[in-house]
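Novice: can't give you the sequence, but here's the structure:
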């Protein structure tokens, strides 16, 4: 079977969930696509590719350097030709690209097929999390992708359902061809490569007590305050466990969110029970997860939770908000709690502390992790199948 070269246009991401997503996809294709699909990453001259060059060919171009002369020329030509990205198309042709993936379009009807990715429709479910200007821009970008791409890629069945509602309610149009591609954990190392519990305790000045891990960005919809309220209930009885929260400690849409969380912690004397650790090295974060009592994700909304997939790869116990996507992800060892039920969350935290056995958890993680590559192979096979389907014009 001839190689299908697929382009990924990378203007640079500050969203760690997105970076981890592409790490998973490129790793899976590198190891399991058997040469049928080759990803090619197009990016700016100085863009951070976060090590993705280990799994994909990288082409650097000033066309993707914002405000550079080639970038401005490309934008001018696009404006004069009714939206056609002719310079980017010429570059892609030079590298024998047949499909452009996870990018909106070059132009409608272009010979290079386009597969646009919408991770989720959070803007429809939680409009209050978006400033009005951002909400309008996000909605317009989704509408353009839907109208002008050859097919849509969604990360969950829930998002696919949202796509149909969005088309019906906002566009008054029929939904386009679409695919659902569930992604697994992006972690590609071995458990022995992760820092030991003693190393983590020394590096981050942790006590000898076990901990829960919350590996979410500090965005308002992630609902960290539910954990703080649960800890408040437990703190009254002197039984509040330690919770370690990692992720970029800044919500670009709601700059008051993190300061308000810290104020709550201070007011309730919980700053030593809920530690805002911020962004830490990826391997350290995965080590905290591996050695945790359980992983918590109380989010009010998810497209397809990276947190859940990473915890599943380690066989970790999970305490999850009772939302549709978490049910769709269906981890084996999970408890569910309503997004506003802090008392129930407090009960589950206590239950997990009482049943925790570090030796048993380690053995379980080793057994579950042994099957991780099976998930990666399935991920690769699913993506290859949909790309070949799209390439031949048979998207359904």
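Specialist: Arrived safely, thanks for sending. Fair warning: this is a prediction, and the values are worked out from it, not measured in the lab.
Novice: buried residues in the lowest-mean-pLDDT helix or strand in the chain?
Specialist: One helix or strand of the chain scores below all others by mean pLDDT, DSSP states H and E: helix 16-32, with a mean of 86. Of the residues in helix 16-32, those buried by neighbour count under the rule 16 or more other CB atoms under 10 Å are 16-17, 19-30, 32. (Each C-beta comes from the backbone N, C-alpha and C, glycine too.)
Novice: quick check: next helix or strand after it?
Specialist: strand 37-43 (DSSP states H and E).
Novice: quick one: that following strand to helix 16-32, angle?
Specialist: Computed by axes from the mean of the first three to the mean of the last three CA atoms, to 10 degrees, the angle separating strand 37-43 from helix 16-32 equals 140 degrees.
Novice: and the contacts of strand 37-43?
Specialist: 3-12, 25-26, 29, 49, 52-53, 55-61, 64, 88, 91-92, 95, 97, 101, 383-384, 387-388 (CB atoms under 8 Å, 6 or more residues apart in numbering).
Novice: return the set of buried residues in it.
Specialist: 37-43.
Novice: list just the nearest of those residues to residue 178.
Specialist: residue 37 (19.2 Å; CB to CB).
Novice: for the least confident helix or strand of the chain, name the packing helices and strands.
Specialist: strand 37-43, helix 306-313, helix 372-391 (3 or more CB pairs under 8 Å, 6 or more residues apart in numbering; DSSP states H and E).
Novice: of all those, which lies closest to residue 144?
Specialist: Of all the helices and strands packed on helix 16-32, helix 372-391 comes closest under CB to CB, at 18.8 Å.
Novice: what residues does that closest one touch?
Specialist: 4, 6, 24-25, 27-29, 31-33, 36-37, 98-99, 101, 113, 115, 150-151, 153, 177, 179, 181-185, 187-188, 313, 395-396.
Novice: in ChimeraX, how would I select just the buried ones from these?
Specialist: Only the buried members of these enter the following ChimeraX selection, criterion being 16+ other CB under 10 Å:
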select :4,6,24,25,27,28,29,32,33,36,37,98,99,101,113,115,150,151,153,179,181,182,183,184,185,187,188,313,395
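Novice: tell me the buried residues in stretch 233-241?
Specialist: Neighbour-count burial for stretch 233-241 [16+ other CB under 10 Å]: 233-235, 240-241.
Novice: Throw the residues you listed into a markdown table and include secondary structure, distance to residue 206 and pLDDT, thanks.
Specialist: Output for those, formatted as a markdown table (DSSP: H, G, I helix; E, B strand; the rest coil; distance: CB to CB, whole Å; pLDDT from 0 to 100):
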| residue | secondary structure | distance to residue 206 | pLDDT |
| --- | --- | --- | --- |
| 233 | helix | 23 | 95 |
| 234 | helix | 19 | 96 |
| 235 | helix | 19 | 93 |
| 240 | coil | 16 | 95 |
| 241 | coil | 13 | 97 |
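Novice: now render these as CSV, adding distance to residue 145.
Specialist: Below are these laid out as CSV (distance: CB to CB, whole Å):
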residue, distance to residue 145
233, 44
234, 45
235, 46
240, 45
241, 43
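Novice: tell me the contacts of residue 156?
Specialist: 120, 180, 182, 303-304, 325, 328.
Novice: okay, and which of those residues map to strands?
Specialist: Members of these lying in strands (criterion: DSSP state E): residue 180.
Novice: quick one, strands of this structure?
Specialist: Under DSSP E, the chain gives strands at 4-10, 37-43, 57-60, 97-101, 113-118, 151-154, 178-180, 211-214, 242-246, 274-278, 295-297, 318-321, 334-337.
Novice: distance to residue 343 and mean pLDDT for the ones you listed - can I get that in JSON lines?
Specialist: Converted to JSON lines, the strands of the chain look like this (distance: least, CB to CB, whole Å; pLDDT from 0 to 100):
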{"stretch": "strand 4-10", "distance to residue 343": "45", "mean pLDDT": "91"}
{"stretch": "strand 37-43", "distance to residue 343": "47", "mean pLDDT": "94"}
{"stretch": "strand 57-60", "distance to residue 343": "50", "mean pLDDT": "94"}
{"stretch": "strand 97-101", "distance to residue 343": "45", "mean pLDDT": "95"}
{"stretch": "strand 113-118", "distance to residue 343": "36", "mean pLDDT": "93"}
{"stretch": "strand 151-154", "distance to residue 343": "35", "mean pLDDT": "95"}
{"stretch": "strand 178-180", "distance to residue 343": "35", "mean pLDDT": "96"}
{"stretch": "strand 211-214", "distance to residue 343": "17", "mean pLDDT": "98"}
{"stretch": "strand 242-246", "distance to residue 343": "17", "mean pLDDT": "98"}
{"stretch": "strand 274-278", "distance to residue 343": "17", "mean pLDDT": "97"}
{"stretch": "strand 295-297", "distance to residue 343": "15", "mean pLDDT": "98"}
{"stretch": "strand 318-321", "distance to residue 343": "14", "mean pLDDT": "98"}
{"stretch": "strand 334-337", "distance to residue 343": "9", "mean pLDDT": "98"}
